[in-house]
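In: Could you look at this predicted model? Sequence included:
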Amino acid sequence: MSFLIFVAWGMTPILVASRNGIVEMVEKILQLFPLAIYDTDNDSNIVLKAVENRQSHIYDFLLNSSLLLDREVSFHAVDHDWNNALHLAGKLAGDCHLQHIPTSMLQMQWEVKWYQYVQNSLPPHFVVQKNRDRRTPDEIFQIQHQKLEDESKQWLNSTSNSCSFIAALIATVAFASSASIPGGVKQDTGEPVFENHLAFSIFAMASLVALCCSVISLFIFLAIFISKHQDKDFTTNLPRNFLFGLTSLFISMAAMLTCFCSGNFLMLKGQLKYAAILVYALTGLIMAYFVLKHFPLFIDLLKATFRKVPERIYKEYL
């Protein structure tokens with residue numbers, strides 16, 4: 001129904017397909033009707049529609065497709081306001097596009113990465129071209145993304161501050177655990193009483209891992225918190241550092257729990273050891289549940305940081 005409405009308004013099928021991200025239809029139309037590449041709506045062609053509507057997979061297809069009759073004409077086109085593709089990439093995406101991205105930092109990362117991806121695919125002089133309002137693409141990006149950038153910085157600083165507190169707490173507990181030996185030491189040799197037990201080896205190693213990872217995580221989050229955030233930092237540097245900080249924090253939490261359980265296991269006797277195993281398992285399951293509950297955000301951050309082409313972000317909208 002929506003397809004017919006767009007056609008009734010005068011938008012051709014290939015423009016409708018480009019606007020809505022139907023790459024299979026775009027490819028089929030170009031195979032059957034190569035001249036469809038010249039179809040426009042308010043001087044906006046298929047490339048401009050893809051850029052304006054954040055259809056990264058359509059733009060990437062057109063960029064690498066051999067079906068375009070005149071690539072230069074298609075990618076160098078401007079709309080009725082003299083906006084080239086980079087001007088449109090510099091505009092803030094609509095709420096219907098960004099609402100499927102969970103945090104403001106990921107939204108800002110997607111926007112910056114999309115702008116840089118379009119910029120790298122176009123000639124250098126596109127950066128200094130001005131539209132009807134006498135604005136360059138960089139000026140448009142700075143103006144329209146100022147609020148989102150401020151929200152991203154606020155979210156990043158708030159999250160880093162909270163994670164830094166948790167990392168410092170774990171580091172303190174891990175240091176205290178490493179200094180206290182379960183069961184004490186032998187009076188004559190000074191060696192740990194449980195040095196030959198597997199649980200003691202696990203305790204010692206887990207204590208070391210928890211301390212090191214928590215300190216690393218603390219330094220990373222403090223560095224993020226006190227650093228000056230620029231637009232370009234949201235593409236790789238900030239997300240990558242945040243990702244490493246979260247990974248170190250998760251490892252330190254797991255190691256701290258392992259350290260406590262193994263140390264406590266050495267102090268128990270008889271049937272209490274078997275009862276304690278059930279408590280350890282239940283605690284681990286609860287911890288794993290809350291970690292997995294927030295794991296999608298971790299995966300989104302991982303994919304968004306290391307993908308070359310910005311990911312298609314709103315499949316539900318199509």
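Out: Done, it's in.
In: Would you confirm that Ile166 contacts Phe250?
Out: No: Ile166 is not in contact with Phe250 according to Cβ atoms under 8 Å; the separation is 10.5 Å. Every C-beta, even on glycine, is put in place using the N, C-alpha and C of the backbone.
In: Common neighbours of those two, please.
Out: Shared contacts of Ile166 and Phe250 (Cβ atoms under 8 Å, 6 or more residues apart in numbering): none.
In: Quick check: which ranges of the stretch 201-318 of the chain have low pLDDT?
Out: Along the stretch 201-318 of the chain, segments meeting pLDDT under 70 span 270, 309-318.
In: Run through the stretch 1-150 of the chain and note the low-pLDDT ranges.
Out: Applying pLDDT under 70 to the stretch 1-150 of the chain flags the ranges 1-11, 96, 98-99.
In: Sketch out the helices for it, chain order is fine.
Out: Per DSSP state H, counting those that start in this stretch, the stretch 1-150 of the chain carries helices over the ranges 2-8, 13-20, 23-32, 46-52, 56-64, 71-75, 85-90, 95-98, 104-120, 137-144, 146-179.
In: Figure out which of these is closest to Leu301.
Out: Leu301 lies closest, by Cβ to Cβ, to one member of the helices of the stretch 1-150 of the chain: helix 104-120, at 6.6 Å.
In: And that closest one, what's buried?
Out: Buried residues in helix 104-120, counting neighbours by 16 or more other Cβ atoms under 10 Å, are found at 104-115, 117-119.
In: same check, this time on stretch 167-184
Out: 167-168, 170-171, 173-174, 177-178, 181-182.
In: for stretch 60-78, same thing?
Out: Quick answer for stretch 60-78 (16+ other Cβ under 10 Å): 60-63, 68, 74-75, 77-78.
In: Make a markdown table from the buried residues of stretch 167-184 and add distance to Ala85 and pLDDT to it.
Out: Converted to a markdown table, the buried residues of stretch 167-184 look like this (distance: Cβ to Cβ, whole Å; pLDDT from 0 to 100):
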| residue | distance to Ala85 | pLDDT |
| --- | --- | --- |
| Ala167 | 43 | 92 |
| Ala168 | 47 | 92 |
| Ile170 | 48 | 90 |
| Ala171 | 49 | 91 |
| Val173 | 53 | 88 |
| Ala174 | 52 | 86 |
| Ser177 | 57 | 80 |
| Ser178 | 57 | 74 |
| Ile181 | 65 | 74 |
| Pro182 | 65 | 71 |
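In: Of those, which is the nearest to Leu243?
Out: Of all those, Ala167 has the smallest distance to Leu243: 14.8 Å, by Cβ to Cβ.
In: can you tell me which of the helices of the stretch 1-150 of the chain comes nearest to Ser227?
Out: When the helices of the stretch 1-150 of the chain are compared (using Cβ to Cβ), the closest one is helix 146-179, at 9.6 Å.
In: Which elements pack onto the helix or strand following that closest one?
Out: Per DSSP states H and E, the first helix or strand lying C-terminal to helix 146-179 is helix 198-226. Judged by 3 or more Cβ pairs under 8 Å, 6 or more residues apart in numbering; DSSP states H and E, the packing partners of helix 198-226 are helix 146-179, helix 237-267.
In: and the angle for the last one with helix 146-179?
Out: Yep, that's helix 237-267 we're talking about. Interaxial angle, helix 237-267 versus helix 146-179 (axes from the mean of the first three to the mean of the last three Cα atoms, to 10 degrees): 30 degrees.
In: which strands and helices sit next to the next helix or strand after helix 237-267?
Out: Downstream of helix 237-267, the first helix or strand assigned by DSSP H and E is helix 272-293. Counting contacts by 3+ Cβ pairs under 8 Å, 6+ apart, helix 272-293 is packed against helix 237-267.
In: ok, and for the helix it packs on, which residues are buried?
Out: The neighbour-count check on helix 237-267 (16+ other Cβ under 10 Å) flags 238-239, 241-243, 245-266 as buried.
In: distance between that helix and the chain's centre?
Out: Relative to its chain's centre, helix 237-267 lies at 21 Å (Cα atoms, centre = their mean, to the nearest Å).
In: Count the neighbours of the nearest residue to Val127 once chain neighbours are set aside for me.
Out: Spatial nearest neighbour of Val127, excluding adjacent residues (Cβ to Cβ, 6 or more residues apart in numbering): Pro137 at 6.1 Å. Using other Cβ atoms under 10 Å, Pro137 is surrounded by 26 other residues.
In: In this structure Pro137 contacts Lys91, no?
Out: No: counting by Cβ under 8 Å, Lys91 is not a contact partner of Pro137; they are 9.2 Å apart.
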